[in-house]
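A.B. asks: Quick one: sequence plus predicted model below, questions after.
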Amino acid sequence: MALACKPGLPTCTARQPRRLIVRASANPDVSPAPAATSEPSSYFVVKNVFKVKQESYTDFENVWKSRESHLKEMPGFIRFAMMKCTNIPGKYVSETHWANKAAFENWAKSSQFQASHAQPLQGAQTKRPNTMAMLEGPPAPEFYETVTTTSR
């Protein structure tokens, strides 16, 4: 039971808590929300640290927002994020979570990896910008194994 108080009244009255009722959609074109998935307790994380030239911030972000990704095709892929550092200008970090190191290594040897990381030849006519030209130097990869995790 909860107490319900109305402004200006000297007393509060007891009331029953409300119950949330969820009904399936009668519309066959509407899919139910996916069930919550549990966070794995262990995974392999790959980060690439990019130092982007000031004049290329917007172009660099747009390349990542619009790039074709093949990650979801790969067994063991969990999630990817491209992050922009808020206290170091020009620093970006890509972060990919894999079920284990072997899943990442399979990705790194795959044709999908080659397609995602091929740089256009200098002077070649292509719609894809040369991201390496946007950087102050090559990206710095970092590899992590899980020690412990905390999830909601």
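C.D. replies: Here it is on my side, so go on. Numbering: from 1, shown residues only.

A.B. asks: Could I get the buried residue list for the longest helix along the chain?
C.D. replies: The longest helix of the chain (DSSP state H) is helix 57-66. By neighbour count on 16 or more other C-beta atoms under 10 Å, the buried set for helix 57-66 is 60, 63. The C-beta positions use only the backbone N, C-alpha and C, and glycine is treated the same way.

A.B. asks: Run through who's touching it.
C.D. replies: Contact with helix 57-66 is made by 50, 52, 82, 84, 90, 92, 94, 128-129, 131, 134, as judged by C-beta atoms under 8 Å, 6 or more residues apart in numbering.

A.B. asks: repeat for stretch 69-85
C.D. replies: Applying C-beta under 8 Å, 6+ apart, the external contacts of stretch 69-85 come out as 40, 43, 61, 64, 91-100, 102-104, 106-107, 110, 112-113, 115-116.

A.B. asks: low-scoring stretches of this protein, by residue?
C.D. replies: Counting by pLDDT under 70, the chain has low-confidence residues at 1-40, 118-128.

A.B. asks: just the helices in it please.
C.D. replies: Going by DSSP H, the chain shows helices at 57-66, 101-108, 111-117.

A.B. asks: and those helices as JSON lines, adding distance to residue 140?
C.D. replies: Rendered in JSON lines, the data for the helices of the chain read as follows (distance: least, C-beta to C-beta, whole Å):
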{"stretch": "helix 57-66", "distance to residue 140": "15"}
{"stretch": "helix 101-108", "distance to residue 140": "16"}
{"stretch": "helix 111-117", "distance to residue 140": "15"}
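
A.B. asks: so which of the ones you listed gets nearest residue 148?
C.D. replies: Each of those was scored for nearness to residue 148 using C-beta to C-beta, and the closest is helix 101-108 (17.5 Å).

A.B. asks: By neighbour count, which bits of the closest one are buried? Give me those.
C.D. replies: By 16+ other C-beta under 10 Å, the buried positions in helix 101-108 come out as 103-104, 106-107.

A.B. asks: what does stretch 110-119 give?
C.D. replies: With burial defined by 16+ other C-beta under 10 Å, the residues of stretch 110-119 counted as buried are 112-113.

A.B. asks: Ok, stretch 64-78 next?
C.D. replies: If you call a residue buried by 16+ other C-beta under 10 Å, then stretch 64-78 has these buried ones: 70, 74, 76-78.
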